[in-house]
Every structure is written in C-alpha cells, then in structure tokens.
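[1] Starting from these lines, generate the structure:
(chains A and B)
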Protein chains: 2
Amino acid sequence: VSKTVDDSQRPRLILASASPRRNDLLVSAGIPVEVLPSLVDETLGRGESPSAFVRRLARDKAEAVARLAGDNWRPILAADTVVVVGLDILGKPIDRHEAQQMLERLSGRAHQVITGFCLLAPGVMHQEEVSTTVHFKKLRTEEIQTYLNTREWADKAGAYAIQGQAAFMVQKIDGSYTNVVGLPLCEVVESLRHLGLLWPVPHAESSP
Amino acid sequence: VSKTVDDSQRPRLILASASPRRNDLLVSAGIPVEVLPSLVDETLGRGESPSAFVRRLARDKAEAVARLAGDNWRPILAADTVVVVGLDILGKPIDRHEAQQMLERLSGRAHQVITGFCLLAPGVMHQEEVSTTVHFKKLRTEEIQTYLNTREWADKAGAYAIQGQAAFMVQKIDGSYTNVVGLPLCEVVESLRHLGLLWPVPHAESSP
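    Model prediction:
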C-alpha cells in the first residue's frame, strides 16, 4: 500500500543515533529526522584502523535499523565518532577517573577526531569518513577538575564536548568542526543531495 | 570606599559588546560577565590592515566603556570581528541584497575571520588578534535563498553565523573555531589568567 505525499509529507530521514548533537546539527541544516537508535557490538577488530572501525560501525548501525524498520523503510543515516591520540582510540570514558586520564592525555597536544557515516536507502549504500585535527592547550590540574565536575565528559568520545564547556581548551582545529561535534554536516548534506535523498528544505520560501 | 569581598563576590568582568554569542562563550568557560556595550566609530582607516583595524576598534570600545564606568572600574574585555575575502573586509550587511552578495563571494573558496580583542584593567592593557581560515563549499542558489530567509545574516560580519544554520556551508576551518563565532576563547582565557584577572571558576568543587 502506497500513498501520494507532497514534499512536506515526504518520509523523514531516520537517524540511527541517540546523540542529541547529531539531531541538532541536521535540524540546523533544515533536515528534520526521526531518531531510531540501534545497538551494535562496538568491539575494535584486531588490526582494524580507526577509519575502518568507524566505517564498519556506521554501516552496522544503519543495517541494524534497516532490519528493525522492515520493508517499509526510509533513508537511514548512521554515524560513529572516535578520538585518536597517538596509536590509541579513545571511546567514551567509563567513569570520572578514566575521563581524567583521557583529558590528561589530550592536554597540550593534537589529536584526531574521526567520524564515519553511512547512508542507506533502497538501492543506495554510501560510506564516508572525515577526520579533523584538534589542538588542545596545556590544561591545568584545576581546569581538568572543574571540567570533570560538569559531568559533560560522560557519554563523549575522548571525554569532552567541543561545543560545550570544553570550548576554551581548544586552541585550534584543522578540518570540519561539525565532525568534532559528531557529524560532518557539509559532507552529509552533500551526500544526501548527490544521492537524491534531500528534498526542498521545509523553511525555504520565495524571497519577498 | 572599599569593601572586603570573597571570590564569589569579586567584581565581574565587563564585556564591552552586545553580542550574545561572546557572552555565551565566556559563560561556557565559567566566566560570568556584565554586558556594557559601547558605540565607537567603525570607519576603516586609509591603508589600515584588517588586523590593525580590529585591534584599534577593540581598544576604542574598551576605552569608551572605561570612560563610562568612571574611576570605579573593573576589568573590561572588548572585541571586534571582521571577515576578509581577497582584499576586501566584509562587515555586517545593510540589507538582504548585500547579504546575498557577501554569501556569493564566500561560496566555494576560503576567507579569513579576524577577531581583535582588548583587555583593560588598572595598570593593564593587552591587545591581541587571532585569525582563522574558513573554507566554504560551493553554495547553490537555493541554499543561499533559504539561508537569507532565516534572517540569520543580519548583524553578522560576512552575513553568516558558523554556529547557526550556516554550519552546513563550512567544509573546514583552520584555526580557532570560537574566533569565528566572535571571540577566541582559548586566547582570551589564557590572557585573563596571565594578567591575573581570572579568579577560581565558580562551579569548581573538590572531587568526591
């Protein structure tokens, strides 16, 4: 059973992520989404590079949601972000102590933030990953303690949120900023367009 | 007449700017401010470089507020931001048409965002400017029109706000992100510290 819909009624993109930051970024670009997170095994494979890892996880998440959504499925976007410092991948800290260790490692040096994303639609599978270099200033002990008190580190890869109270720690970045927030918005929007998955932006009006 | 105050009662930094974005950035770093904007002549001097221009305006704004505040003055922070593309400085657009012209110039190329800031306190005068390179993707006509409809361009140097609905236009940046928002937070916080103008952050607590 299908029904005719006008553009404002077109099915929304499904965002396979519980991250409110990814949702906010898409909404800011005029792309309303429906959130449908999925649980996948996030174990790093032996010898797997960070890029291959986020690519695989994004695809796993998208495919898990496609299975949930059944044959009545809509375009699905999934993403996974990791922080890479030296040879190590930093995920989400399990507690305050681990968060402190992560921030101490990031202090006074550069690290990479890599997001892999996957777009899935009937006949379409697009994967891409984007890397941004982030330079932290040298953090003082009390700056780390103050930040840990905000509890903003919880549920954040690398134990910080660049768009939050950690903004003052970041001297400079090289690459996409929204990628560090969790979704490389420019690349995602361009991909949606090229794949024909982006409809006229709802708030577009003719100019007066 | 002076009175003894504890740290939480110390006089707030005066922010000589009406920009809610600068206020938000400082608050995110645990630095509450009192806003006291000033009006200064913003005419570019003949042969004046963008760096010299923002430096001078930031100092003019800080000194104007110091005069307003009289001899009972507190530390003052002022800033000015411009967008530089090629040899031209883009200020705030006067209308939708000029905003459109600015976005068309920024499309598909790199530009610089330069913020000068000035810190003024008894016996202290610190000036600094920070430059960030911003790369815009090639904008489609309908993307520009849609953005103009949001009216977000009003009151923004270069006719866009990187932290708003223009985020998807930015492919990458090289340098400080908060500088593009309007205040290079890392540099401002470090300067406040070095000058002895930063007190313990109010929400700092000992760890449990």
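
[2] Spit out the contact partners of A:Ala64.
    Counting by C-beta atoms under 8 Å, 6 or more residues apart in numbering or on different chains, A:Ala64 touches A:16, A:38-40. From N, CA and C alone the C-beta is placed, and that goes for glycine too.

[3] what pLDDT does it get?
    On the pLDDT scale, A:Ala64 is placed at 94.

[4] for it, helix, strand, or coil?
    Assigned by DSSP: H, G, I helix; E, B strand; the rest coil, the conformation of A:Ala64 is helix.

[5] for chain B, what are the nearby residues on chain A?
    A:25, A:28-30, A:96, A:132, A:137, A:142, A:145-146, A:148-150, A:162, A:164-165, A:167-178, A:185-186, A:189-190, A:200-201, A:203-205, A:207 (C-beta under 8 Å from any C-beta of the partner chain).

[6] List the contacts of the spatially most central residue of chain A.
    Residue closest to the mean C-alpha point of chain A, counted by C-alpha atoms, centre = their mean, is A:Gly182 at 2.9 Å. Contacts here follow C-beta under 8 Å, 6+ apart; on that basis A:Gly182 touches A:19, A:21-22, A:25, A:79, A:81, A:115.

[7] go with 7 Å
    Neighbouring residues of A:Gly182 by C-beta atoms under 7 Å, 6 or more residues apart in numbering or on different chains: A:19, A:21-22, A:79, A:81, A:115.

[8] what would those look like in JSON lines with neighbour count, pLDDT and secondary structure?
    Below are those laid out as JSON lines (neighbours: other C-beta atoms under 10 Å in any protein chain shown; pLDDT from 0 to 100; DSSP: H, G, I helix; E, B strand; the rest coil):
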{"residue": "A:Ser19", "neighbour count": "18", "pLDDT": "90", "secondary structure": "coil"}
{"residue": "A:Arg21", "neighbour count": "18", "pLDDT": "94", "secondary structure": "helix"}
{"residue": "A:Arg22", "neighbour count": "26", "pLDDT": "96", "secondary structure": "helix"}
{"residue": "A:Ala79", "neighbour count": "27", "pLDDT": "97", "secondary structure": "strand"}
{"residue": "A:Thr81", "neighbour count": "28", "pLDDT": "94", "secondary structure": "strand"}
{"residue": "A:Thr115", "neighbour count": "28", "pLDDT": "97", "secondary structure": "strand"}
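
[9] Any chance of JSON lines for these, columns distance to B:Asp88?
    Formatted as JSON lines, the contacts of A:Gly182 follow (distance: C-beta to C-beta, whole Å):
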{"residue": "A:Ser19", "distance to B:Asp88": "39"}
{"residue": "A:Arg21", "distance to B:Asp88": "35"}
{"residue": "A:Arg22", "distance to B:Asp88": "36"}
{"residue": "A:Ala79", "distance to B:Asp88": "37"}
{"residue": "A:Thr81", "distance to B:Asp88": "37"}
{"residue": "A:Thr115", "distance to B:Asp88": "34"}
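
[10] quick one on the thing from earlier: out of the residues of chain A next to chain B, which end up buried?
    Among the residues of chain A next to chain B, those classed as buried by 16 or more other C-beta atoms under 10 Å in any protein chain shown are A:25, A:28-30, A:96, A:132, A:137, A:145-146, A:148-150, A:162, A:165, A:167-178, A:185-186, A:189-190, A:201, A:204.

[11] right, and A:Ser107 touches A:Lys138 too?
    Yes - using C-beta atoms under 7 Å, A:Ser107 is in contact with A:Lys138, at 5.7 Å.

[12] who has more neighbours, the two?
    A:Ser107 (16 against 11; other C-beta atoms under 10 Å in any protein chain shown).

[13] Find the nearest non-adjacent residue to the more buried one, please.
    A:Leu139 (4.1 Å; C-beta to C-beta, 6 or more residues apart in numbering or on different chains).

[14] ok, the helix or strand that contains A:Ser131: who's next to it in the sheet?
    Assigned by DSSP states H and E, A:Ser131 belongs to strand A:124-136. Using DSSP bridges, strand A:124-136 pairs in its sheet with strand A:110-121 (antiparallel), strand A:170-175 (antiparallel).

[15] Centre of the chain to the helix or strand following the shortest one, how far?
    Spelled out, that is strand A:170-175. The element immediately downstream of strand A:170-175 (helix or strand, assigned by DSSP H and E) is helix A:177-181. Chain-centre distance of helix A:177-181: 8 Å, with C-alpha atoms, centre = their mean, to the nearest Å.

[16] what about the helix or strand following helix A:177-181, average pLDDT?
    Proceeding N to C from helix A:177-181, the next assigned helix or strand is helix A:185-194, under DSSP H and E. When pLDDT is averaged along helix A:185-194, the result is 96.

[17] Need the contact partners of helix A:185-194.
    A:25, A:29, A:77, A:117, A:119, A:126, A:128, A:130, A:176, A:178, A:198, B:137, B:167-171.

[18] Repeat that for stretch A:88-96.
    A:44, A:50, A:82-83, A:99, A:102, A:148, A:153, A:155-159.

[19] mind listing what the residue nearest to A:Ser107 touches?
    Contacts of A:Leu139 by C-beta under 7 Å, 6+ apart are A:103, A:107, A:169.

[20] Need the pLDDT of the residue nearest to the last one when sequence neighbours are not counted.
    So the one you mean is A:Met169. Spatially, and ignoring its direct neighbours in sequence, A:Met169 is nearest to A:Phe136 (5.3 Å; C-beta to C-beta, 6+ apart). On pLDDT, A:Phe136 comes in at 98.
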